[in-house]
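Undergrad: sequence and predicted structure are below.
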Amino acid sequence: MALVRLGTVLLAAAAGACASAGAGGGAGGPGNTLVEPILADARQRSGDASAHVAAAEAVTWSDGSLGCPQPDRMYTQALVRGWRIRVAAAGQDLDYHASLRGHWVLCPPGRAKAPVPDSAIK
């Protein structure tokens, strides 16, 4: 799994460089069209205008729940490529899970499932 650490200083440069990649982002990062709404959500939830992406990791989720299944819901049973994005806000880490197509969810502590290990994907 490729881990991309984005510091506050590098966030603007990384987001700008990835903007042309769109929601898919590619190997360099999740892309501005995915990062901006996630940051807006984190800032609204936390009340912290300085919330920032602390880490973004390219992952493969085991199904359509994006590693954050809700009780009594059914999900597509197929591997989903995407991102695990950690946002630092108001002294806490918010864990966002996303697909390459741009769908994302905030995954509360205790509900997150680990992505599929690279070694299990053929």
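TA: It's in.

Undergrad: just the buried residues of the longest helix along the chain, please?
TA: With DSSP state H setting the assignment, residue counts place helix 32-46 as the longest helix in the chain. If you call a residue buried by 16 or more other C-beta atoms under 10 Å, then helix 32-46 has these buried ones: 32-35, 38-39, 41-43, 46. The C-beta positions use only the backbone N, C-alpha and C, and glycine is treated the same way.

Undergrad: one more: stretch 87-106?
TA: Under the neighbour-count criterion of 16+ other C-beta under 10 Å, stretch 87-106 has 87-89, 94-100, 102, 104-105 buried.

Undergrad: now, which of the residues you listed sits nearest Val59?
TA: The closest of the buried residues of stretch 87-106 to Val59 turns out to be His97 (C-beta to C-beta; 8.2 Å).

Undergrad: for the longest helix of the chain, name the packing helices and strands.
TA: Packing contacts for helix 32-46, counted by 3 or more C-beta pairs under 8 Å, 6 or more residues apart in numbering; DSSP states H and E, involve helix 8-18, strand 52-61, strand 80-89, strand 92-99, strand 104-106.

Undergrad: any chance of the ones you listed in a markdown table, plus distance to Gly67 and mean pLDDT?
TA: Compiled in a markdown table, the helices and strands packed on helix 32-46 are given as follows (distance: least, C-beta to C-beta, whole Å; pLDDT from 0 to 100):
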| stretch | distance to Gly67 | mean pLDDT |
| --- | --- | --- |
| helix 8-18 | 22 | 34 |
| strand 52-61 | 5 | 98 |
| strand 80-89 | 7 | 98 |
| strand 92-99 | 5 | 98 |
| strand 104-106 | 9 | 98 |
